[in-house]
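[1] Got a predicted model here, sequence first, then my questions.
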Amino acid sequence: MSQQPSRQSRTVIIGVGNELLRDEGVGVVVARGLRGERLPEGVTVIEGAVAGLDLIFEMQDADRAIIVDAADMGLSPGSIRILTPEQLEQERLERIASLHQIDLLDVLELGRMTDVDAEVIIVAIQPAEVAPGAGLSVEVGQVVGEVMAQVKSLL
Amino acid sequence: MSTKCDVNVNVEHITRVEGHGNIVLNVKEGKIEELRLEIVESPRFYEAMLVGRNWYEAGHIACRICGICSISHTTASVHALESGLGIRPSEQTTLMRKLAYYGEMLQSHLLHCYFLAAPDYVGAPSVFPLVSSHPEVVQRALKLKRLANDMCSVIGGRHIHPLSIKVKAFPKLPDKDAVRAVRDRIEEALPDFQATVELFKSFEVPQFERDMEFVCLHDPDEYAMFEGDVIRSSKCGDTRVSDYKQQTREFVVPHSTAKHSQSEVGPYMVGGLARFNVNYDQLHPAAKEAADILGLKPVCTNSIHNNTAQIVECVHSAYTALEDTDRLLDMDWVEEDPAVEAKACRCIGATEAPRGILFHDYTLDDDGYITEANVITPTAQNLNNIEHDMHALVPQILGREPDEIRLLLEMLVRAYDPCISCSTHLLKVEFV
């Protein structure tokens, strides 16, 4: 379990996705990169991977949750968008893999309907290749640094 | 509706179970022409991955078979290796492992009963409608699930795929203050477990009976979950864990990428209901009281009551974890030497995973490398029994509407809490 900072304002950055489906795991790669960075006090980074329902518990103690994930937005590979859960839902953007059968939007909805009141921001990355295999595509691998910078700009 | 009718039910895939399985039912003029539980998940070849690896990697690799019962796979792996290498862990180590183990039992049972099975009893397609209709139920479920996660992470370093549960001893001891804090939360949550019992008491479980064999571990000193001395069958008596293949005889069927199992007398059931039926006398008194409230008595031959047995086991796990952790906290913890000398040996071990008895079996060479591996999961053992249940159930419900037949078949399968991904790790089959 992650150690919770004692400051009142807490932000959790959660990278989700399946690293065994190449670009689907970009959120986890970004989270891993951010764990090695110097971040402001009160920021926790979680490699959420395919944790599903348990992500709620990571958000329960936070004021803000920044979720980094691959999403098919019909854009060129490596494109980055900052979205709210409402935008993600309205635009019917498709996450590619399920979090062990529980979709990210379902997790967010369940969290919202119970006692999670964290502001949720989704950093979505357009994948180039989602297929069994290890490692990111060249196009998505090239933007990992940019995604990390955008996440840090949100802090 | 006439019992001489035609019925076609094709559930592809069954929802609210782990993994991918289909139900196929084809009835012509009241006669069953096709009825099977198809397992269509890809095989995962975990045993092949273990071969060639060193003994100390076994637990870490094998626990990836499942994200729900990873501590059980770690436990079975550790039990196997300790048995083969002649190691007896200390009481301190055993009690620490048990806290994580009971945490996993609660994680898994709570997830299944609240999120996967409960919607069937209130006529909801999933847990989501319950959030608005029964918010206190979902909040209680999440609270208990979080507690269960923390019971695992305080010992294992994280709530799945434990880092510190190793052969012989913990390489790093848990934080005693954190263990104490979790212990206090278990005590505070006891009323929530009682409320869980009351909730499930209000659900009407469908009527169904079939005489069947129940199999689980048995221990003379406690309700066998974490470990047991022997495999006990309600029909075939006791078998040593090292002779598990006498109890569990695997075979291949064309419609399943997971093997099926049978004993010398036929299919058998493992899991919460099997443990309840076989080891009822050793349940914690609070769990027996819960069983009374729920109206569950041994021997119960309605496999849909596996859900009910899981609720009883939640109570047992919470109270037992509390008492075990009190014993653990009363001890002066000592750092133990985790060094192990490998040797050529056969390593066979078992534990009761949430879904039933789980076997790990490795053969090591002189340098401790694994030359053979066999893992038999509870779901793989249950699949044959589920199909026999389906064949017994369908004639009893043929006069009902197809949607009701479909729902009852789904409820039957879901009651076993199948973990299909676990069950498909081992296939050695030639496709024709």
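    Alright, I've got the coordinates.

[2] only C-alpha atoms for contact and neighbour calcs from this point on.
    Fine.

[3] Secondary structure element holding the most centrally placed residue in chain A?
    The centre of chain A sits closest to residue A:68, judged by Cα atoms, centre = their mean, with a distance of 2.1 Å. Using DSSP states H and E, residue A:68 falls within strand A:64-70.

[4] again with residue B:338
    Per DSSP H and E, there is no helix or strand for residue B:338.

[5] What is the burial count for it?
    Residue B:338 is flanked by 13 other residues according to other Cα atoms under 10 Å in any protein chain shown.

[6] could you give the mean pLDDT of stretch B:203-218?
    For stretch B:203-218, mean pLDDT is 96.

[7] Now do that stretch: distance from first to last residue.
    Across its full length, stretch B:203-218 reaches 30 Å between end residues, using Cα to Cα, to the nearest Å.

[8] Who are the packing partners of the strand holding residue A:68?
    Applying 3 or more Cα pairs under 8 Å, 6 or more residues apart in numbering or on different chains; DSSP states H and E, we find strand A:64-70 packed against strand A:11-16, helix A:26-35, strand A:119-125.

[9] and those as JSON lines, adding mean pLDDT and distance to chain B?
    Output for the helices and strands packed on strand A:64-70, formatted as JSON lines (pLDDT from 0 to 100; distance: least, Cα to the nearest Cα, whole Å):
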{"stretch": "strand A:11-16", "mean pLDDT": "94", "distance to chain B": "15"}
{"stretch": "helix A:26-35", "mean pLDDT": "96", "distance to chain B": "16"}
{"stretch": "strand A:119-125", "mean pLDDT": "94", "distance to chain B": "19"}
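
[10] I'd like to know how many residues surround residue B:28.
    Residue B:28 - counted by other Cα under 10 Å - has 13 other residues nearby.

[11] Can you get me a residue count around the nearest residue to it once chain neighbours are set aside?
    Distance criterion Cα to Cα, 6 or more residues apart in numbering or on different chains; nearest residue to residue B:28, sequence neighbours excluded, is residue B:6 at 4.5 Å. Residues lying near residue B:6 (other Cα under 10 Å) number 15.

[12] What separation do you get for residue B:6 and chain A?
    33 Å (Cα to the nearest Cα, to the nearest Å).

[13] Over to residue B:227?
    Applying Cα to the nearest Cα to residue B:227 and chain A gives a distance of 26 Å.

[14] Report the separation between the nearest residue to residue B:297 once chain neighbours are set aside and residue B:298.
    Once flanking residues are discounted, residue B:297 sits nearest to residue B:291: 7.0 Å by Cα to Cα, 6+ apart. Distance from residue B:291 to residue B:298, counting by Cα to Cα: 10 Å.

[15] ok, back up a step: could I get the helices and strands packed on strand A:64-70 in JSON lines, plus columns for mean neighbour count?
    Compiled in JSON lines, the helices and strands packed on strand A:64-70 are given as follows (neighbours: other Cα atoms under 10 Å in any protein chain shown):
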{"stretch": "strand A:11-16", "mean neighbour count": "27"}
{"stretch": "helix A:26-35", "mean neighbour count": "23"}
{"stretch": "strand A:119-125", "mean neighbour count": "22"}
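
[16] Burial check on residue B:372, number of neighbours?
    Around residue B:372 there are 16 residues (other Cα under 10 Å).

[17] so what's it up against?
    B:47, B:50, B:51, B:362, B:363, B:364 (Cα atoms under 8 Å, 6 or more residues apart in numbering or on different chains).

[18] three-state assignment of it?
    Secondary structure for residue B:372, judged by DSSP: H, G, I helix; E, B strand; the rest coil, is strand.

[19] Ramachandran angles for the residue nearest to it when sequence neighbours are not counted?
    Counting by Cα to Cα, 6+ apart, residue B:372 lies nearest to residue B:363, which is 5.1 Å off, once chain neighbours are set aside. Dihedral pair for residue B:363: phi -110, psi 130, per degrees, to the nearest 10.

[20] Residue B:301 contacts residue B:210, correct?
    Yes. With contact defined as Cα atoms under 8 Å, residue B:301 counts as touching residue B:210 (5.7 Å).

[21] Please identify which of these two sits among more neighbours.
    residue B:301 (19 against 13).

[22] give the contact list for the more buried one.
    Residue B:301 neighbours (Cα under 8 Å, 6+ apart): B:208, B:209, B:210, B:211, B:212.

[23] let's see it at 10 Å
    Residue B:301 makes contact with B:208, B:209, B:210, B:211, B:212, B:213, B:214, B:273, B:274, B:277, according to Cα atoms under 10 Å, 6 or more residues apart in numbering or on different chains.

[24] so which of the residues you listed comes closest to chain A?
    residue B:273 (25.8 Å; Cα to the nearest Cα).

[25] from memory the closest one sits against residue B:234, does it?
    No. Using Cα atoms under 10 Å as the test, residue B:273 is too far from residue B:234 to be in contact (12.0 Å).

[26] who's more crowded, those two?
    residue B:273 (33 against 16).

[27] list the contacts for residue 124?
    Using chain A here. A:26-27, A:67-73, A:78-83, A:88, A:93, A:95, A:147.

[28] Oops, wrong one, chain B.
    B:118, B:130.
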